[in-house]
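*Asks:* Starting from these lines, generate the structure:
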Amino acid sequence: MEQTKPKVTTAVLAQMLFFIFVVPFLPLLISWRWDWWEGWVFALAYILSFFISRLLVARRHPDLLAERARFAQQPDAKPWDKWLAPVVGLGSAVIPLVAGLDALLGWSSPFSLPVKVVALLVILAGYTLSSYALVTNRYFSGMVRIQHERNHHVISSGPYHWMRHPGYAGALITYLAVPFFLDSLWALAPAVLISSLLIVRTAWEDATLQAELDGYQTYARQVRYRLLPGVW
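*Replies:* Numbers count the residues shown, from 1 in each chain. You can find the predicted model right below:
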């Protein structure tokens with residue numbers, strides 16, 4: 001079978017460049033503190049997780065790159081996700097933006113080194129979990145839809161053996177840990193807001209999959225928890 005090659009539009013390319021090369025450096029660019037080691041570590045972890053995960057996906061599921069390159073262009077995407085997915089994506093960029101403003105204006109006091117170390121470990125764990133989910137799930141689209149043309153079916157291996165939405169779980173813990181690593185209590189406000197929206201998106205996506213994807217109800221009975229094992 002001929003592999004599907006990603007077709008990237010100008011708008012999607014601009015979006016990709018923004019999220020890959022601008023967002024991770026927002027704390028440094030806004031604060032203009034080029035000796036801020038936490039800002040550099042955050043940017044490096046962000047960029048490396050992106051490129052490593054995409055390289056692995058390119059080798060295992062190149063058609064998934066094509067699917068994700070069509071972000072917001074799929075006509076059968078759920079109407080609510082056509083606005084919710086972009087809001088969550090752009091909202092995630094607000095967290096490092098506020099952290100940069102906090103560093104520039106001195107709104108928050110620094111956290112202790114042990115707190116930052118724990119926060120960094122959580123960030124790395126979040127990136128690893130999200131990347132693992134992306135590499136495992138060939139249907140990890142950027143938009144919520146049933147991908148009939150790609151023979152969409154339930155994935156229950158890897159992290160999906162423990163929770164139904166591990167990619168979102170990884171993003172959630174990363175959002176909440178970044179403010180602590182970047183010394184910004186103020187960045188917790190957008191982090192909590194975007195995390196709340198991500199939980200709503202998880203609930204709506206899970207309901208869609210249970211209603212429309214063959215076998216998902218059976219899978220949901222076997223893997224009970226959506227984001228946090230033992231809780232929800």
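
*Asks:* For the spatially most central residue of the chain, give its distance to residue 188.
*Replies:* In the chain, the residue lying closest to the centroid (Cα atoms, centre = their mean) is residue 171, at 4.4 Å. Using Cβ to Cβ, to the nearest Å, residue 171 is found at 16 Å from residue 188. C-beta coordinates here come from the backbone N, C-alpha and C atoms, glycine included.

*Asks:* Next, the buried residues of stretch 170-188.
*Replies:* Under the neighbour-count criterion of 16 or more other Cβ atoms under 10 Å, stretch 170-188 has 170-184, 187-188 buried.

*Asks:* Report the separation between residue 177 and residue 122.
*Replies:* Using Cβ to Cβ, one gets 4 Å for the distance from residue 177 to residue 122.

*Asks:* no, scratch that, I was asking about residue 175
*Replies:* According to Cβ to Cβ, residue 175 stands 10 Å off from residue 122.

*Asks:* same check, this time on residue 43
*Replies:* Counting by Cβ to Cβ, the gap from residue 43 to residue 122 is 17 Å.

*Asks:* Helices of this protein, start to end?
*Replies:* 10-17, 26-31, 37-60, 62-69, 81-105, 113-136, 166-181, 188-212, 216-222 (DSSP state H).

*Asks:* dump the residue contacts of the nearest residue to residue 219 once chain neighbours are set aside.
*Replies:* Distances taken as Cβ to Cβ, 6 or more residues apart in numbering place residue 154 nearest to residue 219, at 4.8 Å, with adjacent residues excluded. Counting by Cβ atoms under 8 Å, 6 or more residues apart in numbering, residue 154 makes contact with 213-216, 219.

*Asks:* which among the residues you listed gets closest to residue 162?
*Replies:* Checking the contacts of residue 154 against residue 162 with Cβ to Cβ, the nearest one is residue 219 at 12.5 Å.

*Asks:* if I read this right, that closest one contacts residue 156, doesn't it?
*Replies:* Yes - assessed by Cβ atoms under 8 Å, residue 219 is found in contact with residue 156 at 5.7 Å.
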